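Peer 1: Any chance you could fold what I've pasted below:
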Amino acid sequence: MNHRNRTKLALKQGRAISALWLESASPELAEIAVWAGWKTILIDNEHGVSSLEHTAHLVRAIEAAGGEAVLRIPANDPTYLKKILDMGVRSIMVPMVNSAGQAQAVVDACRYPPQGQRGYAAPIVRASGYGAFSDYASQANDDLLLITQIEHTEGADNVEAIAEVDGIDMLFIGPNDLAGSMGLLERLEAPEVRRLIEDLERRIANSGRWMGTITGPGRDVTTLTNSGYRFVAGPNDIALLANTLRHEAAQWREQSADFGGS
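Peer 2: Numbers count the residues shown, from 1 in each chain. Model prediction:
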């Protein structure tokens, strides 16, 4: 376990972060991803299946392989946030943040007083190396990377107010749910969706907060980083595995009439 948040340090140095989504609860896939070159792994506990205990195993696997974990939580839940912070997660993404009040609740749950209201158990939790890092509590607030997702028209309306909340580091545009909130689900190329995303890009850039998003049609990592994004989430472990298996199955079917037979 690295004592400092290398993802946040890289952002402070002006670097852009590319991340792989981890939907599975597989520590082996997490390790493989890091060894394959994905140094930042975005564990998705909003749509993925991992329990809290299993998430701890994923974080350990990523860190043991030399990677950095970012965790998207299921919802804006202070109890869940407290547990993953004590687990040692330092980079947290919160879905569907639609108001400054919701953003402030994230900060309150994640930061120790006086910046927030996080409960104290520093000497006995994994985040402090079970007491080995004597400066953990004094450094934890500065080391934390808090990412709020803007993925609804309500959040888009309030994006300046959300960005003004002290303690929020990054605003992450979620285009799929954003389009859905406009009645345009799976229509990311619709002119209305494109205009709103471009408007959000401008307003977030003007706020001075870091900006993140996902890749998509016509929006590869180069295009996005050139547009000012500092955190780009790309491939997904489940999709990569499924696509590879389908490709291999198609090739085997061409070579064997009995493929898949009982």
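
Peer 1: Can you mark which positions in the one helix or strand E198 maps to are buried?
Peer 2: Element membership of E198, judged by DSSP states H and E, is helix 191-207. Along helix 191-207, the positions that meet the burial threshold by neighbour count (16 or more other CB atoms under 10 Å) are V193, L196, I197, L200, E201, R203, I204, S207. C-beta coordinates here come from the backbone N, C-alpha and C atoms, glycine included.

Peer 1: and what of stretch 46-63?
Peer 2: Applying a neighbour-count criterion of 16+ other CB under 10 Å, one finds E46, G48, S50, H54, T55, A56, L58, V59, R60, A61, I62, E63 buried in stretch 46-63.

Peer 1: Ok, stretch 29-39 next?
Peer 2: Taking 16+ other CB under 10 Å as the neighbour-count basis, stretch 29-39 is seen to contain the buried residues L29, A30, E31, A33, V34, W38, K39.

Peer 1: try stretch 220-227
Peer 2: L224, T225.

Peer 1: then it to PDB, C-alphas only?
Peer 2: Taking Å, rounded to 0.1, in the frame of the first residue of the first chain, the C-alpha atoms of stretch 220-227 are listed here in PDB:
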ATOM      1  CA  ASP A 220     -11.400   8.900 -27.900                       C
ATOM      2  CA  VAL A 221      -8.800   9.600 -25.200                       C
ATOM      3  CA  THR A 222      -6.700  11.900 -27.400                       C
ATOM      4  CA  THR A 223      -9.800  14.000 -28.400                       C
ATOM      5  CA  LEU A 224     -10.900  14.300 -24.800                       C
ATOM      6  CA  THR A 225      -7.600  15.200 -23.300                       C
ATOM      7  CA  ASN A 226      -7.100  17.800 -26.000                       C
ATOM      8  CA  SER A 227     -10.500  19.200 -24.900                       C
END
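
Peer 1: from the chain's centre, how far out does that stretch sit?
Peer 2: Per CA atoms, centre = their mean, to the nearest Å, the displacement of stretch 220-227 from the mean C-alpha position of its chain is 18 Å.
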